Structure formats: C-alpha cells, structure tokens
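Novice: kindly return the folded structure for what I paste below:
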Amino acid sequence: MLNSGYILDRKYEVIKTLGKGGMGTIYLCENKRLGNLWAIKEVVQDIKNTGILTEANILKNLNHVGIRRIVDIFYENNNLYMVQDYVEGQTLKEYVKENGKMNTEKTCRITSDLCDILCYLHNQKPAIIYRDIKPSNIMITPSGKIVLIDFGISKVYKSDTEQDTVSAGSNGFAAPEQYGLGKCCAQTDIYGIGMLIYFMVKGKIPTTGIEPLLDENYEADIDGKIKVIIQKCVKIDIVDRYISAEILKKEILEVLKADKYEKTVIFNNYNSSTKVFIKKDKSKTLDKSKLKKTISGFSVFAIAILASIYILYGNKKESIDMKTNDTPQIVSPIVGSSSVEQEAIKKSVIVPVKEPTVVPKKSTTAITQDSNINAIMPPQSKIKVKGKRKK
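Specialist: Got it, this is the predicted structure:
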C-alpha cells in the first residue's frame with residue numbers, strides 16, 4: 001500500500017486511500033502538473049489478474065456519463081495503475097446504511113439509470129460484461145447522478161468459449177455462473193441488478209441466492225411488481241432471466257409510471273376531501289347565520305305585539321313582567337353527513353333568548369295579566385322557530 005505523498009508516474013501525488021478490495025487498492029491522487037484530482041486503481045500483476053490486465057485497454061475507449069472514465073494506464077513496480085475520474089458523493093451502500101431501505105420511486109430511478117449503463121456496455125463490439133454489480137460500486141453524486149465505478153473485474157464477452165477461466169464476483173450479488181459453473185454473459189449483469197434491487201427495497205444483502213426467490217421474504221409494503229421483476233432477474237437458469245437490460249428497463253419504467261399514478265390519485269382524493277370539509281364548514285356557518293336572523297325576527301315581532309298592547313291600554317296603570325322564553329336551536333343536517341352527525345345536530349345546545357321587559361307609563365289602575373290580556377296576546381309557548389332542513 002502506498003503512503004500519502006508518494007509520486008506515481010512522476011506526476012500523480014497520493015493524497016489518501018479511498019478503498020481496498022480483492023482486486024486492488026484505489027487512491028485519491030492529484031496531478032501535480034494540472035492540479036486536478038483523480039482516482040487511481042492499483043492492480044497487482046499475478047496469474048489471477050492476467051485476464052483483467054489484457055482487457056484494461058478496452059475500458060479506455062468507454063465514454064458514458066454513468067461510467068467513470070479511464071484516462072490513462074501505466075505500469076510501475078510490477079503493478080498496473082488505471083487513472084480514472086474522481087467522483088464525489090456516496091456509494092449506494094453508504095446511502096442505504098444512512099437512510100434505510102428505499103421506496104419504489106427511488107429504487108426504479110436508480111435501476112433505470114443502471115440499465116442505461118449496462119445497455120451501453122453490452123452493446124459494445126465485443127460486449128463488455130461488468131460482472132460486479134453491488135452497492136459499493138454504485139456512486140450517487142450530490143446532483144443525484146448514478147455512476148458505475150470499479151471496472152476491475154469487467155470482462156470482454158468471448159463467444160468462442162463455454163466457460164470462464166477465472167471465477168470472480170462478490171458474494172451475495174454474483175450469479176451462479178460466476179462461480180466457475182459457466183460463462184458470464186449479459187444475463188450475469190441482469191442477475192446482479194436483481195440482487196441490487198432486492199438490497200434497495202429490503203435494506204440488507206440477501207444471505208443466499210434463494211432468498212429473493214421466496215415470496216415470504218417480501219414485506220407487504222414492497223410493490224408486488226418489483227418483487228416479480230427481482231425474481232425474474234435472479235433465476236438460477238440464465239435462459240429464465242430477462243434477455244436484455246433494455247427489456248428490464250422497460251418493465252421498471254412501467255412500475256415507476258404506475259407508482260406515480262397511484263400517488264396522483266391519492267393526492268387528488270385528499271384535495272377533494274379537503275374541499276368537502278370546507279363546504280361543510282361553510283354550511284354550518286350559513287345555518288348559524290340564518291338562526292340568528294330568525295331569532296332577531298322573532299324579537300321584533302314580540303316587541304310589536306307588546307307595543308300594540310301598550311297603545312290600547314296606555315290609559316291604565318300596568319306592570320307586565322315578561323318571562324324568559326327558551327327557543328330551541330334547530331340546525332339543518334349537512335348533506336352527505338352520517339346518521340351520527342345528524343343525531344348530534346338534533347341534540348344541539350338550546351340557546352336562550354331573553355326578551356325585553358316593557359314598563360309603560362304610570363297609571364292609577366294596575367292591570368294584571370288576566371284573561372283579557374291573554375285573549376289579545378297568544379301564549380308564548382305556542383310560538384316556535386322552525387329551522388329549514390337543508391336538502
């Protein structure tokens with residue numbers, strides 16, 4: 001391992017170690033001539049890495065926004081060094097560890113971007129098989145862009161061989177054929193994508209290759225269509241998986257579209273419910289306003305009757321004590337309200353309305369509330385206020 005300050009190829013100064021894996025170590029380095037930063041991967045030359053070294057030059061020709069470029073390759077101290085773009089951000093592994101499992105929308109977006117990258121690799125002449133799809137090799141930039149890093153064990157597809165000479169991959173994400181049981185192909189990367197989706201929706205690495213295939217390992221909140229896609233990706237037999245990354249992306253986008261539609265429906269239903277509640281509140285306000293007007297009208301009517309009595313019997317001394325009359329508050333039930341709401345409205349609070357006491361001019365003779373007055377003024381108990389029931 002190189003120490004900080006070490007100079008590679010007479011121009012790259014090692015700043016720190018970014019990571020270390022089974023295929024080599026990655027350093028953050030500064031180009032002393034240009035002053036820019038690069039990620040340089042050190043690959044030890046041995047028999048195990050012979051195939052990788054012969055294919056490294058092919059990676060220099062790749063040019064895709066989702067792939068970290070390899071801009072230079074050189075040998076030093078019997079090791080191969082690949083100079084790559086330095087990508088800021090955090091790996092998918094770090095993101096899930098910090099934020100937990102992902103929702104359907106974010107899972108689909110990341111998967112769709114990865115499918116784009118795989119389509120580009122698989123359509124090269126000859127095709128390039130990545131072979132190492134895993135969370136620590138997926139970078140999420142501050143702008144949300146997805147970048148595939150570490151092409152250390154990527155392999156050029158060879159149609160004239162039936163089996164890979166070297167077994168390579170990461171436990172939990174490697175397809176069965178990567179364990180020396182067959183030849184890696186485009187479906188090998190499809191398998192890795194399936195395991196990666198499982199990791200995103202579950203928040204953990206599958207313990208075995210069988211785990212994602214069993215329905216009981218999926219919680220109720222995981223989209224059923226996502227589950228079906230995962231299980232097709234990770235089929236043991238290559239011929240049972242998706243034929244290409246293009247077809248996989250198409251199905252992922254269908255799930256994303258359906259997820260967006262469901263969220264829109266829920267949002268619209270919420271807005272509609274909110275409007276209904278506002279209308280109900282306005283109805284209650286209008287009912288109360290009508291009630292106040294009714295009570296005011298009744299008060300004016302009562303005063304008019306008393307004034308008539310005073311005019312007719314103004315030459316007599318009278319003293320009439322008016323009793324308080326309780327008028328029941330009847331509110332129309334709201335349209336669409338439940339029977340519980342209507343029953344509660346019927347049992348609404350009684351609002352007392354106290355009528356004014358009329359004291360006429362003094363007279364020598366006192367008139368009491370007898371049958372003659374009762375004949376002129378009807379009893380208070382017979383006067384009722386009826387609230388209109390809202391249709």
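Novice: pull out the buried positions in stretch 29-46.
Specialist: When burial is assessed from 16 or more other C-beta atoms under 10 Å, stretch 29-46 yields the following buried residues: 29-30, 38-43. From N, CA and C alone the C-beta is placed, and that goes for glycine too.
Novice: and what of stretch 111-124?
Specialist: 111-122.
Novice: cool, and stretch 1-21?
Specialist: Buried, per 16+ other C-beta under 10 Å, within stretch 1-21: 2, 8, 12, 14-15.
Novice: farthest pair in those residues?
Specialist: For the buried residues of stretch 1-21, the maximum inter-member distance is 11.4 Å, found between 8 and 15 (C-beta to C-beta).
Novice: okay, and the common contacts of those two?
Specialist: Common contacts of residue 8 and residue 15, defined by C-beta atoms under 8 Å, 6 or more residues apart in numbering, comprise residue 29.
Novice: now do stretch 211-227: distance from first to last residue.
Specialist: The straight-line separation of the ends of stretch 211-227 (C-alpha to C-alpha, to the nearest Å) is 12 Å.
Novice: what's in contact with that stretch?
Specialist: Taking C-beta under 8 Å, 6+ apart as the rule, stretch 211-227 contacts 104, 107-108, 194-195, 197-198, 201-202, 206, 230-231, 234-235, 251, 254-255, 258-259.
Novice: do stretch 24-33 as well
Specialist: With contacts defined as C-beta under 8 Å, 6+ apart, stretch 24-33 is touched by 1-2, 7-8, 11-20, 36-44, 83, 86, 150, 152.
Novice: strands paired with the helix or strand that contains residue 17, and their directions?
Specialist: According to DSSP states H and E, residue 17 maps onto strand 12-21. If you go by DSSP bridges, strand 12-21 pairs up with strand 7-8 (antiparallel), strand 24-31 (antiparallel).
Novice: where along this structure do the helices fall?
Specialist: For the chain, the helices defined by DSSP state H occupy 50-59, 92-99, 104-122, 186-202, 224-233, 245-312, 339-346, 371-376.
Novice: and the angle for the fourth one with helix 224-233?
Specialist: Angular relation of helix 186-202 and helix 224-233 on a 0 to 180 degree scale: 140 degrees, by axes from the mean of the first three to the mean of the last three C-alpha atoms, to 10 degrees.
Novice: check which helices and strands helix 186-202 sits against.
Specialist: Counting contacts by 3 or more C-beta pairs under 8 Å, 6 or more residues apart in numbering; DSSP states H and E, helix 186-202 packs against helix 92-99, helix 104-122, strand 128-129, helix 224-233, helix 245-312.
Novice: which parts of this protein belong to which domain?
Specialist: Using automatic domain parsing, the domain ranges for the chain come out as 1-86, 88-243, 283-382.
Novice: quick check: mean pLDDT across the first one?
Specialist: Pointing back at domain 1-86 there. Mean pLDDT, domain 1-86: 85.
Novice: for stretch 256-274, same thing?
Specialist: Averaged across stretch 256-274, the pLDDT comes to 68.
Novice: now stretch 207-222
Specialist: 94.
Novice: now the end-to-end length of that stretch.
Specialist: 19 Å.
Novice: buried residues in that stretch?
Specialist: Per 16+ other C-beta under 10 Å, stretch 207-222 contains these buried residues: 209, 211-213, 218, 222.
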